[in-house]
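Q: 3D, please:
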Amino acid sequence: MSVVEDGQLKGAFKGFKNRDTIFEFHAGGKWRQNEYRYLYHYAYMPSAKVVDEGGRNLLYVDGVDEPVEVKRIR
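A: Numbers count the residues shown, from 1 in each chain. Have a look, this model is predicted:
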């Protein structure tokens, strides 16, 4: 397990929707949701991190109990 990116998400976070959902870190890293999972949770610029767990990148967002798999797009 290693942290790939750590910081704050840019703008309003509205949870997980589908494989078209994009998450952008304030530092510039962009990630796309890589699995179908729906969860609504609103937070403005929450702290978040992407962790490599066994070859899968998982996005953990403060205030959300479960992570979602993501894929780097930039």
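Q: Quickly list what the spatially most central residue of the chain is bridged to.
A: Centroid-nearest residue in the chain: residue 59, 3.7 Å away (criterion: CA atoms, centre = their mean). Counting by DSSP bridges, residue 59 is bridged to residue 50, residue 68.
Q: Strands along this protein, start to end?
A: Ranges of strands within the chain are 2-8, 12-13, 22-24, 30-33, 43-44, 47-53, 56-61, 68-72, based on DSSP state E.
Q: The first one - contacts with which helices or strands?
A: Using 3 or more CB pairs under 8 Å, 6 or more residues apart in numbering; DSSP states H and E as the contact criterion, the secondary-structure elements in contact with strand 2-8 are strand 47-53. C-beta here means a position set from N, CA and C on the backbone, and glycine is covered the same way.
Q: First-to-last residue distance for stretch 41-51?
A: End-to-end distance of stretch 41-51 (CA to CA, to the nearest Å): 20 Å.
Q: What's the separation between the nearest residue to residue 13 once chain neighbours are set aside and residue 63?
A: Nearest residue to residue 13 in three dimensions, chain neighbours excluded: residue 43, at 4.8 Å (CB to CB, 6 or more residues apart in numbering). Counting by CB to CB, to the nearest Å, the gap from residue 43 to residue 63 is 6 Å.
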